[in-house]
Structures are given as structure tokens and as C-alpha cells.
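Trainee: Turn this into a structure:
(2 chains)
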2 protein chains.
Amino acid sequence: MSTALLVLDCQPAVLAALPADADREALLDRLARAAAEVRAAGGTVVHVRAGFTEADWDAVPAANRAFAPIAEYRALHHEDPATAVHERLAPRDGDLVVRKTRFGALSTTGLDRRLRERGVSALVVAGLTTSGAVLSTVLDAADRDYRLAVLSDGVADPDAQAHEVLLRRVLPTRAQVVGTAGLAALLGGG
Amino acid sequence: MSTALLVLDCQPAVLAALPADADREALLDRLARAAAEVRAAGGTVVHVRAGFTEADWDAVPAANRAFAPIAEYRALHHEDPATAVHERLAPRDGDLVVRKTRFGALSTTGLDRRLRERGVSALVVAGLTTSGAVLSTVLDAADRDYRLAVLSDGVADPDAQAHEVLLRRVLPTRAQVVGTAGLAALLGGG
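Mentor: Numbers count the residues shown, from 1 in each chain, chains lettered A, B, ... in the order given. Alright, predicted model coming up:
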């Protein structure tokens, strides 16, 4: 079994968009435990974060509905501490850290190649946000034939209704949807 | 303006999964009119259909949740008339026809390259199904920086709730969502 846990966009700037602070803390706890479990099982933890250089901002066309405003307002600079991986999930030795400039973790990065080089064929997707990076990454990875799981209590979205419908009706067509409590079985079960 | 209308998976085998026959006929009517409008405005109509050769089936890994059963049951053979573009939408001279073997219209095909070669930078996405090929194609195309529109009354899904939430809450983050009645303004507004 060669599994990677993708922890998407757990950066202060993105976490801030979630509604309740209490939920945010609990989410970070669950993700930290999930990352520890994956490391202990010999899997790879991948931290994916959004962050922009000047050149990245300049490369976003006005046609890109979600990212044109980020470029226009020079938001999410890659050196801004608000775009760093949250300190509760700080990368450990052996983890991968990937910077991206669009929704998907695979679409505009070298991550797919790096995962294949390590023999990773199964991805567990977690982090933010369910309708954003999580959805884009899962749908892309599904067409790339990865074995996929999504951590139902390890993802979140400011839009409760979209979150709920995606987890119950859409993501299950591409991925196994399991709670973090079920991660050990998933890692043990090849 | 260089726009392509992508008509996804309007094949008897996929249309059959929709609930009501009446709705299906009206949908095909709207799509045929949309295609005529796009051709008249000098845009490209692209028919994308799912269809498998023996080698395609053999290449689907068991890990692919949605496509492994299709491979297992040898479904959607590329020469089966049920996988042809529906006769009401029969391709005309100048249209493109693309065969795919996963959800996305761009993910496993040469379509992205063919569109770029023609200078196409704007896509209008329609067809089936909202939570399947439409969603995967729109999210992929968004990260590829296409200007995107989705035809709200030109897409459909057997799951009414997923259809509704995707159109109202998720797709608008990546695409303009407009009715087919608004297509002319969209084509004129380059």
C-alpha cells in the first residue's frame, strides 16, 4: 500500500473563512491526528497551500472567475504568514509541501509526477474547502485513476449546504467517504 | 471572441438515466437550438461522448470507483449505437467530435490542445450529467483558465438535489451560469 494524505489549504488565510472558531480547532486536531496516523503507517503527508508570486498574479487571466480577484487585489502572497501551513499541522521530515495557484492540488503543480515517482496510487483528501480545492482535487485525481478517499470530518466549507450535498451525493461517486476514525482501517486495508 | 459549446455525453445510454422522457425531449430541443446559435455566431460545437474499446476497458484500474464497473461489465462499447451522439444533436460539418473514457472532456483527451490550436478561450458547457461530466469538465477547465459558462437549462442529472445545489452554489464559483435564452447575449458579448 502506498498512500498519501493530502492536506489542502490549511492556511490561516483560508481557515479564517470558516464560520465557527470552535469547529476550526477541532478540525485541526483531527487533521493533526490523521497526519500522525498516516506517517506511522508509512504513508506520505502532503501539505498543499495556495500562494502567489508577482509573476503568478500576472499570469492569472481576467477570465478566471475565482482567481482574477486574488490577482487584482494581490492577495495570498506566498511569503505572507497567513498563507503558511497552519502551525498545528506544521510539516515534519519526510512530508511534501506543494504550493499551488489554482483550486486543484494536481492541476498546476508537479505533485502528480512526484506521487507517481514514490509509487503512490492511493490518496486520502482532507482540508479546505469542500467545494473548492477538495472537490477540484478529487475530481481531477479520479480521472487520473487514483484510489481515493475523502475524510468526511476532515474537510469543511463556509457553505453548509454545498458541503453536505457534496459529501453525501457527489464525492461518493469518485471516492470512498470516511470519517477520520475510519482512517486506520483504510490504511491497514491495502 | 472564440467560443466553443461543449455538448457532453448526450448519448442514448446516458440520456436513459434521466428520469422523465418529456424533460429529456425538451432538453434535446434546447441543446439543438444552442448548437445552431453557436454555429451561426462562428463558434465551434464540440460533441463529447463516452465510449470504450477493449483496450480502454482493460486500462481501467479496479481503483477507479465509477469506471471499474463499466470496464467489468464491458459497458459503453464505442461502436454501440447507444454511445453515439443522439440523432437530434447529430454533428454537422465543422463540429468536433471527441471520444473520452473518464468523466472530464479534457482530462484524458486531446481536446484542450485542439481548442487552443483554434484559439478557443471560452467554453460554454452543456449536456450530461451535472454532477458527472459537466462538473468534472468545468472544474478542470477553470484551472486551465478558460472563460466559462454553464447552461443552467442545458444540463441535467438524475439526482435533483445534487443538480440544484451544484447549479446554485458550486458551479457559479467557476463559471457564469446562464439559461439557453441568455446564450445569444453571451456570444455577442465576447
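Trainee: drop to CA atoms for contacts and neighbour counts, all remaining ones
Mentor: Will do.
Trainee: report the longest helix in chain A, please.
Mentor: helix A:21-40 (DSSP state H).
Trainee: buried ones in it?
Mentor: A:27, A:28, A:30, A:31, A:32, A:34, A:35, A:37, A:38, A:39 (16 or more other Cα atoms under 10 Å in any protein chain shown).
Trainee: Who are the packing partners of that helix?
Mentor: strand A:3-8, strand A:44-50, strand A:147-156, helix A:183-188 (3 or more Cα pairs under 8 Å, 6 or more residues apart in numbering or on different chains; DSSP states H and E).
Trainee: Show me what the first one pairs with in its sheet, parallel or antiparallel.
Mentor: This means strand A:3-8. strand A:44-50 (parallel), strand A:122-128 (parallel) (DSSP bridges).
Trainee: ok, now the third one?
Mentor: Strand partners for strand A:147-156, identified by DSSP bridges, are recorded as strand A:122-128 (parallel), strand A:176-178 (parallel).
Trainee: Deepest-packed of those strands, please.
Mentor: Highest mean neighbour count of these: strand A:122-128, a mean of 26 (counted as mean count of other Cα atoms under 10 Å in any protein chain shown).
Trainee: contacts for it?
Mentor: A:1-10, A:14-15, A:31, A:134, A:138, A:146-151, A:154-157 (Cα atoms under 8 Å, 6 or more residues apart in numbering or on different chains).
Trainee: which parts of chain A sit against chain B?
Mentor: Residues of chain A found near chain B (Cα under 8 Å from any Cα of the partner chain) are A:60-61, A:63-66, A:102-104, A:107-108, A:131, A:136, A:139-140, A:142-148, A:161-162, A:165-166, A:169-170, A:173-175.
Trainee: and the contacts of strand A:122-128, which are buried?
Mentor: Among the contacts of strand A:122-128, those classed as buried by 16+ other Cα under 10 Å are A:2-10, A:14-15, A:31, A:134, A:138, A:146-151, A:154-157.
Trainee: ok so, going back, can you lay out the strands paired with strand A:147-156 as JSON lines showing mean pLDDT and distance to residue A:82?
Mentor: Below are those laid out as JSON lines (pLDDT from 0 to 100; distance: least, Cα to Cα, whole Å):
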{"stretch": "strand A:122-128", "mean pLDDT": "98", "distance to residue A:82": "15"}
{"stretch": "strand A:176-178", "mean pLDDT": "98", "distance to residue A:82": "29"}
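Trainee: Out of these, which is closest to residue A:80?
Mentor: Each of those has some distance to residue A:80 by Cα to Cα; the shortest is strand A:122-128, at 18.4 Å.
Trainee: Report the inter-axis angle for the closest one versus helix A:21-40.
Mentor: Strand A:122-128 and helix A:21-40 meet at an angle of 160 degrees, taking axes from the mean of the first three to the mean of the last three Cα atoms, to 10 degrees as the criterion.
Trainee: Only C-alpha atoms, please: export strand A:122-128 in PDB.
Mentor: This file holds the C-alpha atoms of strand A:122-128, laid out as PDB (Å, rounded to 0.1, in the frame of the first residue of the first chain):
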ATOM      1  CA  ALA A 122      -4.000   6.000  -3.200                       C
ATOM      2  CA  LEU A 123      -4.900   9.400  -2.000                       C
ATOM      3  CA  VAL A 124      -6.800  10.500   1.200                       C
ATOM      4  CA  VAL A 125      -8.000  14.000   0.700                       C
ATOM      5  CA  ALA A 126      -8.700  16.400   3.500                       C
ATOM      6  CA  GLY A 127      -8.600  20.100   4.300                       C
ATOM      7  CA  LEU A 128     -10.300  23.100   2.800                       C
END
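Trainee: On the C-terminal side of it, identify the next helix or strand.
Mentor: Where DSSP states H and E defines the elements, the next helix or strand beyond strand A:122-128 is helix A:135-143.
Trainee: just the angle between that following helix and strand A:122-128, please?
Mentor: Using the same axes, to 10 degrees, helix A:135-143 lies at 170 degrees relative to strand A:122-128.
Trainee: Quick check: the residue lying closest to residue A:180 once chain neighbours are set aside vs chain B, distance?
Mentor: Excluding its sequence neighbours, the residue lying closest to residue A:180 (Cα to Cα, 6 or more residues apart in numbering or on different chains) is residue A:151, at 5.8 Å. Using Cα to the nearest Cα, to the nearest Å, we find residue A:151 at a distance of 16 Å from chain B.
Trainee: Report the contact partners of residue A:151.
Mentor: A:124, A:125, A:126, A:177, A:178, A:179, A:180.
Trainee: want to throw those into a markdown table with distance to residue B:85?
Mentor: Below are these laid out as a markdown table (distance: Cα to Cα, whole Å):
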| residue | distance to residue B:85 |
| --- | --- |
| A:124 | 36 |
| A:125 | 35 |
| A:126 | 38 |
| A:177 | 33 |
| A:178 | 37 |
| A:179 | 40 |
| A:180 | 43 |
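Trainee: Which of the residues you listed sits closest to chain B?
Mentor: residue A:177 (11.8 Å; Cα to the nearest Cα).
Trainee: So what sits opposite that closest one in the bridge?
Mentor: Here residue A:177, judged by DSSP bridges, has bridge partners residue A:150.
Trainee: you'd agree it is up against residue A:170?
Mentor: No: counting by Cα atoms under 8 Å, residue A:177 stays clear of residue A:170, with 10.3 Å between them.
Trainee: what secondary structure does the residue in chain A sticking out farthest from the centre sit in?
Mentor: No residue in chain A sits farther from the centre than residue A:62, which is 25.1 Å out by Cα atoms, centre = their mean. For residue A:62, the assignment made with DSSP: H, G, I helix; E, B strand; the rest coil gives coil.
Trainee: pLDDT score assigned to it?
Mentor: Residue A:62 carries a pLDDT value of 97.
Trainee: ok, now which ones touch it?
Mentor: residue A:68.
Trainee: And for residue A:152?
Mentor: Counted by Cα under 8 Å, 6+ apart, residue A:152 has contacts A:167, A:177, A:178, A:179, A:180.
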